[in-house]
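Peer 1: Just need the structure, nothing else, for what follows:
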Amino acid sequence: MKYLFSMILFLIAISCSEEKIKPLVDNNTLQSEIPSHESWNSQITFTTEGRIKAVLFSNHLKKYELQKVTQLEIVKINFYDSDQKISSTLTSKRGKVDDITMDMYAIDSVVAVNDSGTVLTTTELKWRNSDGKILTDKFVSIKSPKEIIEGYGLESDQSLHNYMIFNVTYSSTITNKK
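Peer 2: As a prediction, the model looks like this:
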């Protein structure tokens, strides 16, 4: 019994004098923001003075409060004209919305089609909410019933009726053969 008591005192003394091991903490996880809101099959409506400018659909939406940005996966956006009819539709694999300006960025496999059959393809573009302009400095291809134009840099209205490619690398007129 005397030895057992001595052994217990010895173990207590050793455990009190040993340096404690601190758990490892991943500081990167603490510094990166987690979404404040997350939803699936979401819809965001962009309006001005009660009139619909665009309606965005996303399979997965993640809103980050500190960064003031909403991340999107599998994106579709319908743009509306002054008569409140869909004038063009844009799709992309990913996107984001600047929650302050409400500007939308489409990223990866971007395709926009208007009501006249004009098709725009690119890797990335921006829709500016303030004036409804579509902008990019990336390579673009536009195919309409009348022409095919390719190049770098684009500015267009959201309906793809009035567009300008800044550095044209290819241009061809389509003639109807009857």
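Peer 1: so residue 100, which of the three states?
Peer 2: What DSSP: H, G, I helix; E, B strand; the rest coil gives for residue 100 is coil.
Peer 1: which residues does it contact?
Peer 2: residue 68 (CB atoms under 8 Å, 6 or more residues apart in numbering). C-beta: built from backbone N, CA, C; applies to glycine.
Peer 1: Could you look up the next helix or strand downstream of the helix-or-strand element of the chain with minimal mean pLDDT?
Peer 2: In the chain, no helix or strand scores lower on mean pLDDT, DSSP states H and E than helix 27-31, which sits at a mean of 48. Scanning forward in sequence from helix 27-31 by DSSP states H and E, the next helix or strand is strand 37-48.
Peer 1: So which elements touch that next one?
Peer 2: When contacts are defined as 3 or more CB pairs under 8 Å, 6 or more residues apart in numbering; DSSP states H and E, strand 37-48 sits against strand 51-64.
Peer 1: who does the very next helix or strand once past the strand it packs on pair up with?
Peer 2: Per DSSP H and E, strand 51-64 leads on to strand 69-80 as the next helix or strand towards the C-terminus. Partner strands for strand 69-80, per DSSP bridges, with pairing direction: strand 51-64 (antiparallel), strand 86-98 (antiparallel).
Peer 1: Would you indicate which residues of the last one are buried?
Peer 2: Neighbour counts using 16 or more other CB atoms under 10 Å place 87, 88, 90, 91, 92, 94, 95, 96, 97, 98 of strand 86-98 among the buried residues.
Peer 1: pLDDT (mean, whole number) over that strand?
Peer 2: Per-residue pLDDT over strand 86-98 has a mean of 94.
Peer 1: With the longest one instead?
Peer 2: Regarding strand 51-64, the rounded mean pLDDT is 92.
Peer 1: any idea how far it is from the chain center?
Peer 2: 10 Å (CA atoms, centre = their mean, to the nearest Å).
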